[in-house]
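Enquirer: Pasting the sequence and the predicted model now:
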Amino acid sequence: MTTLELHNVVKRYQGAGEAISAVDGVSLRIGPGEFVALYGPSGSGKTTLLSMAAAIMRPDDGEVCFDGRRVSDLSESESARYRRENVGMVSQSFNLLGGATALDNASLKLLPLGLTFRQAHRKALPWLERVGLGARAKHTPGEMSMGERQRVAIAKALANTPRLLLADEPTGNLDSQRSREILGMLAEISHEHKLPALLVTHDPQATAFVDRTYTLRDGRLSNGLDVELLPTVHQ
Amino acid sequence: MKVTRWDLLNPRIYGLRVSALWGLYRRRLKYHAVSELMAGSGIAIGVALVFGVLVANGSVLASTRQTINSVNGRASLKLAARSSSGFSEQIAERVGSLPGVTTSASILRQSAVIEGPRGHESVQLVGVTPGLVRLHGAATRDLGAGARMLSGGLGLPSGVATSIGVQTEQPATLLVDGTTHTALVEAVLSAGSIGALSSSGIAVALLPQVQALAGKPHRVSEVLISTAPGKHNQVSSELRTLAAGRLDVLPAGAELSLLEATAKPTNNTTTLFAAIGLMVGFLLAINAMMLTVPQRRRQVAQMRTEGFDSRQVLMIMTSQSLMLGVVSSLLGVAFGIVLARTIFREAPTYLAVAFAVSGHLEVHPSIVLAAVGAGVLATLLASLTPVLDLLSNEPVDAVLRRPGEAGQGITPKTRRVLAIIGLVTLLATTIAVLVAPGLTVVGGITLALATFCFLPIAIFAITRCLRWIAREYHGGMLAMAVLELESAATRTVVLAGVAALAVYGSTAVGGARSNLIEGLDTATVQFFDTADIWVTAPTNDLGTTSFAPDMLVRAISQERDVASVRTYQGGLLDVGTRRLWLRARPSDDPTMLQASQILEGSASTGTERLRAGERWVALSGTLATAYGVKVGGWFTLPTPSGPERFHVAAVTTNVGWPPGAITFNAADYSRYWQTNDPSALEITLKSGIAPEAGKLAVERALRGDPGLRVQTMAQRITQFENNLRLGLRPLLEISRLLLVLAALALATALGTAIYQRRARFITLKEDGFDRLRLLRALLIESTVILGVGASDGILTGLYGHVLANRYLRLGPGFPAPFSVGGLQIASTLFIVGGVTLAVLALLGYLAAGVSTQLSSLE
């Protein structure tokens, strides 16, 4: 069964004259069908941690393993292949092609696998239907609401049937009603497909939809929601 | 409210300080330097191209006009000879005593070559009398003192003196009428004393001296006449009586009209090419700006969300476009001046054969204003699209909230409208050019516009086909490229537009030029292949300068290697505003007519008639049209013997001389031009004698006289072709410049497009695309863009080539047989494709390798 594991992961950035630890000795394990939230304010290192899980970024120390395989020191082409074949990523900015239809957008991740449009559409359409946009497959993102665009982005992330779901502030651009819909959907998909899922958020309400919550503060991980941060976050 | 000095220096416009406008533009320059630089380059290129050509062409006429006026002074009429033999000085003296004539000045003009330590120059030796000073011309005011100064010697303009390397009181060698003379340079005349005349190819001496040098005692070429107030018509009538139909009575400035008429066809041709260049440059500028449209639309949306009202946004966008347009256009003008001083400076060479043209560079302010105006207009037009958002009913931040790049979509309606505009433009251009070939210049511009209009629909159609292939057969990176092409339609069209315009301009201009060169080369070879060896006056390539044969013919005939010597005659004749090239071939010439140049009539019949003489001539198509005659018809020509009637044996092209040419039998020419002097000797060698050996034999017979030039047929052909090419050099330079600059514009456009997509590449890499996959998708995408653009450019370019070729043949009547010019198209594609691939390989690889970590820094 697929599992994401981080062991004593460290990432430092060179600041003005001194090294800043964005992630400082974080260890984490997410099992199949587990939906985990990583909560923290801006600059706490959440996205850095998620990027290391996606093999976009290499840790300075420690290791990231997926399915028992070390992914923290893959080459550029190996890490691309890892993301292509295993990872589904959803981000706050949707990353959609403005002039392409929802179906084309959802199929995008399948193209580097060498699929034709027909084959890619056949695989992506069920996911669009799953997120409730089957009837709007031919519409472009410009013709959709923010919530719908985010659902297209989710369909795109899932079209390659990933084995790991990573979501970076997926509700950052949505109102609370739409946010609840999207988070509920992600939780459902994670459980249904036994996907380990990591949600990065600064919205404390998101924690209601996940199985476990961690707080990342100054690069250090702690269990649960750090209530001390709540007022800061809401500011 | 009190108005301070600061308010006056820094006024508010719609609530915005001028300093704030400048500050906003500085901020734009700081953050969007690449796109501003690219847009500015496009504008500067277009402006430079047209400015350089217009200044160079205009300068010849403007400075020569200045030269003629500065000599003519108050003269309003002139009595002129119809041949280089001139007319009797006694007639000139009688002019001075006509009632109503206040001043008359006799002049003898003689073609010559002057040699100094540094080289030689072809000049017009001008013999003047003190009467010239009394005409009060700007250039001759100081000649009163000069006349004394010149006594027995020469006055040289500073340009000629510098070129041959002589100074005052130094000797120079004059080659006149086939003989060599040594003359002392008594004065070097600078621009300060004789203005634009200082750049003219002339040498001045007193009349009796020039008469002696030219071997034309008591002969003059023309008399300049000033009349008493109100007596112009009376004097004109008296002069016509005196001329008795054997001399021309003309306005004093007639020379300029002749020059204008002679230069016009070539200038029009150059203007056609420059116009295509201008349109290409103009559209390149617009295209360059179009690449910045998405970013400018965001800028407009941001300003509106920040509270700027529509007038203020308009003011900011307009001021930024104005600043960019003005600065780029001024840079373009500066670059254009460099082009005019270097590349396009060679243009008047072919005119110097028949006119004393001035090489003085004249930059008229109106040309500067027109060039800057065009550049600014291009910039303003291109910056219009983002401003259209001000008219939209959408929320002010709609553009900011839209996914992807703003303004990248092209609606089906826009595609259809543009295609219809393109078709209508093509149709209108065809009709206009068919009805009036003179409109070809405008046609060149409108075709460039049509080239661009066809692109959106062409790209749409091709993308649809590719999508079908990607859906059914081959997905992967082809599918990815299709998605990118579709989702960034504006960028795709803009990039394809740059490629299309580069190929269009180069195909149309380069193709027409190749045809012209090919036609002229054929005409030249057939003209000179009648003799193995040619003897002519030095540097006179048209063969219009006669020389005294003395014992030459006999001496050459007696050479062992020589089979025969024939006398070729030729000259120039002014008819109306045309200075015609007269060519008189002896009856025993192997070829009387160049078969490839015949437009009407048959070569064999024409040759037969010309060989028979008896007033049969071949004349250029433009002349036949002007006289309203066809083969077999009669027309009247003014000759030194009076008006004479000739009939048309054949109608030819202009054989490379824009005003037109007439080919006679030498016997007819001798009779009516009252001279037996040759302007060339055609020598046929005995069988088996090598041309070089024959040349040595002829030189031996001439005893090394430098007053005449001996050339083998091949040498004569090469020299003539070189001079023709020199005259057409601006066309070559324009087509090369167009291609190189357009290729650079394409490289910059591609570079900018790739640079702008770095963020997109990052998200694609997050989705699992590696560097090679991205590069492959980019390569497919660029190949499609280049392929569609180049195909569009080739098709419209070929059509432009057809129209330009038709104009060259029907307008000035050049010999220009049409051929597609596959090599020209292939080399264009090679350069454009090479540049694109080089840019892609470098920038694409770098951009595709952009680190995904850039997006992850939180």
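Expert: That came through, no problem.

Enquirer: Can you name the residue of chain A nearest to chain B?
Expert: Taking CB to the nearest CB, chain B has its nearest neighbour within chain A at A:Gly98, 2.2 Å off. Glycine gets a C-beta too; all of them are placed from N, C-alpha and C.

Enquirer: Quick check: A:Arg58 touching A:Ser72?
Expert: Yes: look at A:Arg58 against A:Ser72 with CB atoms under 8 Å: they come within range, at 5.9 Å.

Enquirer: overlap in contacts of the two?
Expert: A:Met52 (CB atoms under 8 Å, 6 or more residues apart in numbering or on different chains).

Enquirer: Same drill for these two, tell me which one is more crowded.
Expert: Using other CB atoms under 10 Å in any protein chain shown as the criterion, A:Arg58 and A:Ser72 rank with A:Ser72 on top: 20 against 15.

Enquirer: and the more buried one, what does it touch?
Expert: Applying CB under 8 Å, 6+ apart, we find A:Ser72 in contact with A:9, A:52, A:55, A:58-59, A:62-65.

Enquirer: Just name the closest of the residues you listed to B:Ala624, please.
Expert: Lowest distance from B:Ala624 to the contacts of A:Ser72 (CB to CB) belongs to A:Ala55, with 81.9 Å.

Enquirer: distance of A:Pro32 from A:Asp211?
Expert: 11 Å (CB to CB, to the nearest Å).

Enquirer: Likewise for A:Pro41?
Expert: 22 Å.

Enquirer: can you check B:Ala261 too?
Expert: 93 Å.

Enquirer: filter the contacts of A:Ser72 by proximity to chain B?
Expert: Among the contacts of A:Ser72, none lies close to chain B by the criterion of CB under 8 Å from any CB of the partner chain.

Enquirer: so of the residues you listed, which ones are in strands?
Expert: The strands, defined by DSSP state E, take in A:9, A:62-65 from those.

Enquirer: Kindly indicate whether whichever residue of the stretch 651-800 of chain B sits closest to chain A is helix, strand or coil.
Expert: Across the stretch 651-800 of chain B, the shortest distance to chain A (CB to the nearest CB) belongs to B:Gly768, at 2.8 Å. Using DSSP: H, G, I helix; E, B strand; the rest coil, the structure places B:Gly768 in coil.

Enquirer: Buried among the ones in strands among the contacts of A:Ser72? Make that a ChimeraX selection.
Expert: Selecting only the buried entries of these in ChimeraX, with 16 or more other CB atoms under 10 Å in any protein chain shown as the criterion:
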select /A:9,62,64
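
Enquirer: would a markdown table of the ones in strands among the contacts of A:Ser72 with distance to B:Ser782 and pLDDT be doable?
Expert: A markdown table is the format used below for the ones in strands among the contacts of A:Ser72 (distance: CB to CB, whole Å; pLDDT from 0 to 100):
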| residue | distance to B:Ser782 | pLDDT |
| --- | --- | --- |
| A:Val9 | 40 | 91 |
| A:Gly62 | 42 | 92 |
| A:Glu63 | 40 | 92 |
| A:Val64 | 36 | 93 |
| A:Cys65 | 40 | 92 |
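
Enquirer: Could you give the number of residues near A:Leu113?
Expert: 16.

Enquirer: element containing the residue lying closest to it once chain neighbours are set aside?
Expert: If you skip the residues right next to it in sequence, A:Leu113 has A:Arg84 as its closest partner in space, 6.6 Å away by CB to CB, 6 or more residues apart in numbering or on different chains. Using DSSP states H and E, A:Arg84 sits in helix A:76-86.

Enquirer: Return the per-residue confidence for the nearest residue to B:Leu77 once chain neighbours are set aside.
Expert: Of all residues not flanking B:Leu77 in the chain, B:Ile225 sits nearest, at 4.5 Å (CB to CB, 6+ apart). We have a pLDDT of 92 for B:Ile225.

Enquirer: how much distance is there from the helix or strand containing B:Ser70 to the middle of the chain?
Expert: B:Ser70 is part of helix B:33-72, with elements assigned from DSSP H and E. Distance of helix B:33-72 from its chain centroid, counting by CA atoms, centre = their mean, to the nearest Å, is 12 Å.

Enquirer: now for that helix, which elements pack on it?
Expert: Here helix B:33-72 touches helix B:254-290, helix B:310-341, helix B:365-382, helix B:729-756, going by 3 or more CB pairs under 8 Å, 6 or more residues apart in numbering or on different chains; DSSP states H and E.

Enquirer: and of the ones you listed, who's closest to chain A?
Expert: Set against chain A and scored by CB to the nearest CB, the helices and strands packed on helix B:33-72 come closest in helix B:729-756, at 13.9 Å.

Enquirer: and that closest one with chain A, contact?
Expert: No: in terms of CB under 8 Å from any CB, no part of helix B:729-756 sits within range of chain A; the closest distance is 13.9 Å.

Enquirer: Flag every buried residue along that helix.
Expert: In helix B:729-756, counting by 16+ other CB under 10 Å, buried: B:729-739, B:741-754, B:756.
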